[in-house]
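Peer 1: Just a sequence and a predicted model for now, questions to come.
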Amino acid sequence: MRIAFVINQFPPNITAGLGRYAEMIAPDLSSGHDLAVLTLNDGGLPVWDRAEGVTVYRPRGRVLAWVLGAVARGRRLNRTRGAEFLLLALSVVVSNWRYFLLLRRLPPARRPDVVAVHDSTNFLCGLLSHYVLRLPVVFHVHTTEYGVARQRSITDPLGLFAALERWLARISRRVVVATPEVREQLLAAGWDRTPIDVVRLGGTYERVVAAPGFDRERLRLGAADLRARLGIGAQDPVLLFVGRIERQKGVYELLEAMPAIAAAVPGLRLVIVGEGDEDGVRRIAAGSGLGDRVLTSGGFVDGEALLEHYAMADACVFPSLFEPFGLVATEAMALARPVILGDGFSRIFLGDPAEPAVRFVRADDPGDIAEGVVEVMGDADLRRALAERGERLVRETLSWRRAADETLAVYAESAGKDGGR
């Protein structure tokens with residue numbers, strides 16, 4: 001199959017789970033297929049690239065690049081801020097127009113068999129591919145935070161994003177989501193005209209941990225060095241949060257729970273890794289008298305540095321109010337860290353209810369978050385059990401090869417082809 005993969009992030013431009021998803025699944029999608037990724041350019045990347053059998057197109061307009069550069073001033077735009085989100089949205093729309101122009105210039109015999117559109121921000125390319133080019137479209141929903149979820153990261157009083165999402169879903173051959181919960185959420189919102197397929201994702205560090213050369217001792221030493229750099233004692237318990245610092249991730253409820261957690265767990269440090277409202281975190285921590293008990297990373301952390309953060313943690317807490325999937329859970333579990341999840345996460349992470357792989361808490365209840373964290377941090381046997389079960393669940397049930405095979409089957413059916421090869 002020839003697949004056009006329209007997505008806002010692709011290596012080396014990774015700022016969130018969407019980029020990690022693209023990085024991990026692309027090699028398997030391209031095996032035996034012609035995969036072309038159409039993605040954003042941060043202004044410094046080549047327009048055309050090819051890596052590991054994947055062709056990458058990153059349009060770069062002079063005017064838009066100048067505006068982005070002037071506003072960002074050498075930093076990455078922060079999507080949690082309204083004005084910067086709108087600028088990013090503008091960048092996506094302009095790039096979508098260029099994707100469409102590229103596809104339109106192709107002779108009919110070379111046009112893709114299917115156009116895979118990731119999230120509603122790429123609506124323009126999806127709609128034009130359907131109405132003008134008459135190409136089959138598959139709509140991947142990675143987040144419902146714009147038009148469906150109760151808690152949203154943007155203000156949309158006119159319901160524009162909700163309308164665009166429903167429109168794109170109606171014209172798509174299939175809709176793909178990562179969990180049964182998101183499927184039920186979309187059906188409850190009236191998305192019942194298009195088949196909705198559930199394709200669970202793989203684990204972020206699936207290949208890293210399984211590699212013969214994975215050096216656990218080096219990672220342990222790196223984590224110890226990170227503790228020293230952060231001023232955390234070797235015996236001080238560390239609670240780790242990874243994610244965007246915004247309301248949907250439950251970070252404010254976690255901070256509200258911290259005084260009770262700190263009182264019950266002497267010496268505990270909460271390390272918050274991610275970009276967003278860091279000023280708000282510091283303000284809340286200072287107002288609660290937590291002082292240096294709450295530390296922030298200073299922005300997005302990736303690669304080996306993120307691995308070291310996980311390795312440093314005694315437990316990880318992700319109290320999201322909603323998560324379409326939540327790759328941070330797979331990251332922590334793959335590295336055998338005990339995990340506490342908000343009930344916005346899918347129950348697929350629970351595993352066997354009789355021997356749960358994670359500890360779930362009510363994400364909108366700081367008291368319940370505190371109770372869950374204190375229980376895990378205060379019981380070494382429970383931490384060991386959660387770590388072992390979580391690592392086993394990710395290793396045995398979450399595979400990128402499986403995710404790619406199921407995705408290719410959806411594409412093949414949408415394109416009217418027999419089989420995924």
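Peer 2: Received it, and whenever you're ready, just let me know what you need.
Peer 1: Name the nearest residue to T179, ignoring sequence neighbours.
Peer 2: Leaving aside its chain neighbours, T179 sits nearest to S346 (3.8 Å; criterion: C-beta to C-beta, 6 or more residues apart in numbering). C-betas here are computed from N, CA, C, even on glycine.
Peer 1: So the one you found sits against F325, correct?
Peer 2: Yes - using C-beta atoms under 8 Å, S346 is in contact with F325, at 6.9 Å.
Peer 1: Pull up the overlap in contacts between those two.
Peer 2: A178, T179, V182 (C-beta atoms under 8 Å, 6 or more residues apart in numbering).
Peer 1: Out of those, grab the one that's most surrounded.
Peer 2: For the shared contacts of S346 and F325, neighbours were counted by other C-beta atoms under 10 Å; the highest total belongs to V182, with 25 neighbours.
Peer 1: Out of the shared contacts of S346 and F325, which sit inside helices?
Peer 2: Among the shared contacts of S346 and F325, DSSP state H puts V182 in helices.
Peer 1: now, among the shared contacts of S346 and F325, which is nearest to A162?
Peer 2: A162 has its nearest neighbour among the shared contacts of S346 and F325 in V182, at 15.2 Å by C-beta to C-beta.
Peer 1: show me the contacts for the closest one.
Peer 2: Contacts of V182 by C-beta under 8 Å, 6+ apart are V141, T144, V198, P324, F325, S346.
Peer 1: Next one: the third one from V182, what distance?
Peer 2: The gap separating V198 from V182 is 8 Å, by C-beta to C-beta, to the nearest Å.
Peer 1: returning to that earlier point: who's more crowded, S346 and F325?
Peer 2: Between S346 and F325, counted using other C-beta under 10 Å, F325 has the larger neighbour count: 24 against 20.
Peer 1: So that one is in contact with L341, correct?
Peer 2: No - between F325 and L341 there is no contact under C-beta under 8 Å: 11.8 Å.
Peer 1: Looking at the contacts of V182, which are in strands?
Peer 2: Among the contacts of V182, the members falling in strands (DSSP state E) are V198.
Peer 1: which stretches of the stretch 251-400 of the chain form helices?
Peer 2: 251-264, 278-287, 303-312, 327-334, 366-377, 380-397, 400-415 (DSSP state H, counting those that start in this stretch).
Peer 1: roughly how far apart are R104 and Y252?
Peer 2: Distance, R104 to Y252, by C-beta to C-beta: 46 Å.
Peer 1: now L124
Peer 2: Between L124 and Y252 the distance is 34 Å, computed by C-beta to C-beta.
Peer 1: And for S346?
Peer 2: Look at S346 and Y252: by C-beta to C-beta, they are 22 Å apart.
Peer 1: Which other helices and strands does the helix ranked longest in the chain contact?
Peer 2: Among the segments of the chain that qualify as a helix by DSSP H, the longest is helix 82-105. In terms of contacts (3 or more C-beta pairs under 8 Å, 6 or more residues apart in numbering; DSSP states H and E), helix 82-105 is packed against strand 2-6, strand 34-38, helix 62-72, helix 123-131.
Peer 1: buried residues in stretch 6-16?
Peer 2: Across stretch 6-16, burial judged by 16 or more other C-beta atoms under 10 Å covers V6, I7, N8, Q9, F10, P11, N13, I14, T15, A16.
Peer 1: Just put those in JSON lines and tack on secondary structure, pLDDT and distance to R359.
Peer 2: Below are the buried residues of stretch 6-16 laid out as JSON lines (DSSP: H, G, I helix; E, B strand; the rest coil; pLDDT from 0 to 100; distance: C-beta to C-beta, whole Å):
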{"residue": "V6", "secondary structure": "strand", "pLDDT": "97", "distance to R359": "37"}
{"residue": "I7", "secondary structure": "coil", "pLDDT": "96", "distance to R359": "33"}
{"residue": "N8", "secondary structure": "coil", "pLDDT": "92", "distance to R359": "33"}
{"residue": "Q9", "secondary structure": "coil", "pLDDT": "92", "distance to R359": "30"}
{"residue": "F10", "secondary structure": "strand", "pLDDT": "94", "distance to R359": "34"}
{"residue": "P11", "secondary structure": "coil", "pLDDT": "92", "distance to R359": "33"}
{"residue": "N13", "secondary structure": "strand", "pLDDT": "88", "distance to R359": "34"}
{"residue": "I14", "secondary structure": "coil", "pLDDT": "86", "distance to R359": "29"}
{"residue": "T15", "secondary structure": "coil", "pLDDT": "80", "distance to R359": "29"}
{"residue": "A16", "secondary structure": "coil", "pLDDT": "80", "distance to R359": "25"}
